[in-house]
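A.B. asks: Pasting the sequence and the predicted coordinates here, then a few questions.
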Amino acid sequence: MARYTGPKTKIARKFGEAIFGDDKAFEKRNYPPGQHGANKRRGKKSEYAIQLMEKQKAKYTYGILEKQFRNMFKKATAAQGITGEVLLQLCESRLDNVAFRMGLSPSRSGARQLVSHRHITVNGGIVNIPSYQLKAGDVVAVREKSKSLEAIQNSLANSSSVFEWITWNNDTKQGTYVSIPERIQIPENINVQYIVELYSK
């Protein structure tokens, strides 16, 4: 599957946020890339530019391509509730994202790789589709053969994040996607209203 494999710090600098996690290179140069990046007197962005940037930020944050993201938006529009919030909840319910939230990998791209390499199970069965949508109550675990993987053990040892909608048992290497998170519980700094306005044009 095609996905962005270019320099991540450059993208983070574009948005002015370390959207891919801790990044020492970003901390040194947290202004936009390019020869005029550090120049504060940049022109005012148009409404469309702001909306487009917010959409791109969400796509890069969750590692989702345009077609997939547009389909998720259609799904969110058809669902009950506030479209923008439902869209973010769909992003959060992806298996690769939940594996990342559980601390199995320090990045979403790493979690995506764990899923696609068949290291993760859902309700006892191997699932190798990163975009697999979890439902409340689903049990996510590390496959028995993969529990000794150094990458997973190191990530879990360095993970200190706790999320109210996820439980994790470090001894059994399994957790539960307890419930769909509310917008206020999702830490990502994404203004979903701009995305809704962009797609509604």
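C.D. replies: Sure, I can see it.
A.B. asks: so where's the chain uncertain?
C.D. replies: For the chain, the stretches flagged by pLDDT under 70 are 1-43.
A.B. asks: what about 80?
C.D. replies: Residue ranges of the chain with pLDDT under 80: 1-44.
A.B. asks: For residue 149, give me its contacts.
C.D. replies: Residues near residue 149 by CB atoms under 8 Å, 6 or more residues apart in numbering: 119, 142. Just so you know, the C-beta spots here come from the backbone N, C-alpha and C atoms, and that holds for glycine as well.
A.B. asks: Give the closest residue to the residue most central in space within the chain in space, chain neighbours not counted.
C.D. replies: By CA atoms, centre = their mean, the chain has its centre lying nearest to residue 62, at 3.0 Å. Distance criterion CB to CB, 6 or more residues apart in numbering; nearest residue to residue 62, sequence neighbours excluded, is residue 91 at 4.6 Å.
A.B. asks: Relative to residue 170, how far out is that neighbour?
C.D. replies: Distance of residue 91 to residue 170, given as CB to CB, to the nearest Å: 26 Å.
A.B. asks: and the gap between residue 116 and residue 132?
C.D. replies: The gap separating residue 116 from residue 132 is 11 Å, by CB to CB.
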